[in-house]
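**Q** fold the following, please.
(one chain, ligands or ions: 1)
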Amino acid sequence: MEFYNENAVLYIPDGASESEALPRTTDLCVAAHQDDIEIMAFAPIVKCFGRSDRWFTGVVLTDGGGSPRTGPYADYTDGQMKKVRIEEQKKAADTGKYSAQFMLGYESSCIKSADKSRKAVDELAAVIEACSPDILYMHNFADKHDTHTAAALRCAEAVMRLPENKRPRKIYSLEVWRGLDWLCDSDKVCLDTSEKPELARALLNVYESQIAGGKRYDSAAIGRRLANATFYASHDTDRLESCSYAADITDEIYGGSSPEDIICGYIKHFEEDVRSRIGRLS
Ligand SMILES: [Zn+2]
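**A** Numbers count the residues shown, from 1 in each chain. Model (predicted):
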């Protein structure tokens, strides 16, 4: 594929050709930054791991330029930091045996602007079309990190640009900066992250530059998954030791609902649940 940004990377861990690696993708995750995929999408990564009939591909929209840096990375320039983050994401793709890893190399400010991101949306639509995934995973519209929310908006726009017969069958939005524990259980999908805990940890430990400053994303992501499984009261998921929460937004997106309406619909259900419980007990 031709990319808009010179610094864009398409990395194929097993060395397959592009024409093999992209169409074999069944599970595609679109994220804002290097490390978001490994925090939010371990369920599809492990589901596809080591299989020949399911393949995971990641897309990172931004260039990692604004990454926080402390400890041994404190004096790194933006340019040096971008390189480190590309190498980390490649290592994650190797570790998780991804089919392919895109890093489209946009500045955060570009992704956050509806106007400036038009090319990014076009490019993302072309990536999704080339990968033709069965399932698409993205950030959720209630994430409290602006770039994550913007990435979700751009991803939703990109999907809607595709002809109906080229669109993924399912779209899940996932949790990073703000968990999805607040979703009503009827609106919640539990994605199983119980298998291969050593792989889950290895994928997060790749991001040394982010963990070095004392932000333990590795422990936090794994802890959240354990907490999710423990506090989700359903017989269906009693067998799960660890899970990530997701919202299945397929019907809303394809039905033409706006991002605000989609997420506020879930918030309304949450409000109704809280009001009705308090009402019953007062
Ligand atoms: Zn992020």
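**Q** let me see the ranges of the helices in the protein.
**A** 18-21, 36-40, 42-48, 78-95, 108-111, 118-131, 146-161, 197-205, 208-211, 217-231, 250-254, 259-281 (DSSP state H).
**Q** how many neighbours does G65 have?
**A** Neighbours of G65 under the rule other Cβ atoms under 10 Å: 17. Quick note: C-beta positions are derived from backbone N, CA and C, even for glycine.
**Q** repeat for the one 4 residues further on
**A** Counted by other Cβ under 10 Å, the residues lying close to R69 total 19.
**Q** give me every residue that touches it.
**A** Contact analysis of R69 by Cβ atoms under 8 Å, 6 or more residues apart in numbering lists 76, 81, 209, 213.
**Q** can you tell which of the helices of the chain is closest to the ion?
**A** Closest of those to the ion is helix 36-40, at 4.1 Å (criterion: Cβ to the ion).
**Q** list the helices and strands the closest one packs on?
**A** Counting contacts by 3 or more Cβ pairs under 8 Å, 6 or more residues apart in numbering; DSSP states H and E, helix 36-40 packs against strand 27-31, strand 56-62, helix 78-95, strand 135-139, helix 197-205, helix 217-231.
**Q** how about the residue of the chain found nearest the ion: what's its closest non-neighbour residue?
**A** For the chain, the residue closest to the ion is H33, as judged by Cβ to the ion, at 3.5 Å. Excluding the flanking residues, the one nearest H33 by Cβ to Cβ, 6 or more residues apart in numbering is T62, at 5.7 Å.
**Q** now Y11: closest residue in space that isn't a chain neighbour?
**A** Leaving out its chain neighbours, the residue that sits closest to Y11 by Cβ to Cβ, 6+ apart is Q101, at 4.5 Å.
**Q** just to revisit the earlier point, among the contacts of R69, who's most crowded?
**A** Within the contacts of R69, neighbour counts (other Cβ under 10 Å) peak at S209, which reaches 23 neighbours.
**Q** does it touch A74 like I think?
**A** No. With contact defined as Cβ atoms under 8 Å, S209 does not count as touching A74 (10.7 Å).
**Q** is stretch 145-152 in proximity to the ion?
**A** No. In terms of Cβ under 5 Å from the ion, no part of stretch 145-152 sits within range of the ion; the closest distance is 5.6 Å.
**Q** before we move on, the earlier item: out of the contacts of R69, which touch the ion?
**A** Applying Cβ under 5 Å from the ion to the contacts of R69, one finds that nothing falls near the ion.
**Q** can I get those residues in JSON lines with pLDDT?
**A** Listed next are those as JSON lines, based on pLDDT from 0 to 100:
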{"residue": "Y76", "pLDDT": "90"}
{"residue": "M81", "pLDDT": "91"}
{"residue": "S209", "pLDDT": "89"}
{"residue": "G213", "pLDDT": "74"}
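**Q** about what we covered before: the residue of the chain closest to the ion: how many residues sit nearby?
**A** Neighbour tally, H33, other Cβ under 10 Å: 25.
**Q** again with T147
**A** T147 is flanked by 21 other residues according to other Cβ under 10 Å.
**Q** do the same with the one 3 residues further on
**A** For A150, the neighbour count with other Cβ under 10 Å is 24.
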